[in-house]
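A.B. asks: I'll drop the sequence and a predicted model, then ask my questions.
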Amino acid sequence: MKKIITILIMTAVLITMTGCNKQWIDTTYHFDRAILSLPDGTVIEGEVESWTDFNDGDQIQVKIDGVTYLVHSSDVVLIAE
């Protein structure tokens with residue numbers, strides 16, 4: 001009986017996990033390039049000098065060509081080549 005309950009729980013967890021595009025453990029911490037969309041419609045693309053993801057919000061801070069940008073996570077693409 002215990003094995004059946006364990007199998008059912010594991011099956012439910014696996015079905016739940018396959019419905020999303022979220023990694024359980026994110027090991028990518030280095031990004032080479034970024035594309036940012038600013039509120040005025042300007043698109044910034046360049047080599048990432050540094051970046052920071054804030055745990056308590058949806059903002060990402062990216063430094064490109066000596067300029068630091070703070071953008072919403074939906075307005076940035078970080079690329080690891």
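C.D. replies: Right, received. Where do you want to start?
A.B. asks: Any regions of the chain where pLDDT drops low?
C.D. replies: The chain contains residues with pLDDT under 70 at 15-28.
A.B. asks: And the helices in it?
C.D. replies: 2-17 (DSSP state H).
A.B. asks: Sketch out the strands for it, chain order is fine.
C.D. replies: Listed in chain order, the strands of the chain (DSSP state E) span 33-37, 43-53, 59-64, 67-72, 76-79.
A.B. asks: Looking at the ones you listed, which is nearest to I4?
C.D. replies: strand 43-53 (41.2 Å; Cβ to Cβ). C-beta here means a position set from N, CA and C on the backbone, and glycine is covered the same way.
A.B. asks: Can you tell me what sits against the closest one?
C.D. replies: Here strand 43-53 makes contact (Cβ atoms under 8 Å, 6 or more residues apart in numbering) with 31-38, 60-66, 69, 73, 78.
A.B. asks: Kindly report the same for stretch 2-16.
C.D. replies: Outside of stretch 2-16, no residue comes within contact range by Cβ under 8 Å, 6+ apart.
A.B. asks: before we move on, back to that, select only the buried ones of the contacts of strand 43-53 in ChimeraX?
C.D. replies: Command for ChimeraX that selects the buried part of these, burial taken from 16 or more other Cβ atoms under 10 Å:
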select :31,34,36,60,62,63,64,69,78
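A.B. asks: before we move on, back to that, any chance of the strands of the chain in CSV, plus distance to I4?
C.D. replies: Putting those into CSV (distance: least, Cβ to Cβ, whole Å) gives the following:
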stretch, distance to I4
strand 33-37, 49
strand 43-53, 41
strand 59-64, 45
strand 67-72, 46
strand 76-79, 44
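A.B. asks: Tell me which of the ones you listed sits nearest to M1.
C.D. replies: Of these, nearest to M1 by Cβ to Cβ is strand 43-53, at 44.4 Å.
A.B. asks: Paired strands for that closest one, with orientation please.
C.D. replies: strand 33-37 (antiparallel), strand 59-64 (antiparallel) (DSSP bridges).
A.B. asks: Can you add distance to W51 and give those back as CSV?
C.D. replies: Shown next, in CSV, are these (distance: least, Cβ to Cβ, whole Å):
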stretch, distance to W51
strand 33-37, 7
strand 59-64, 5
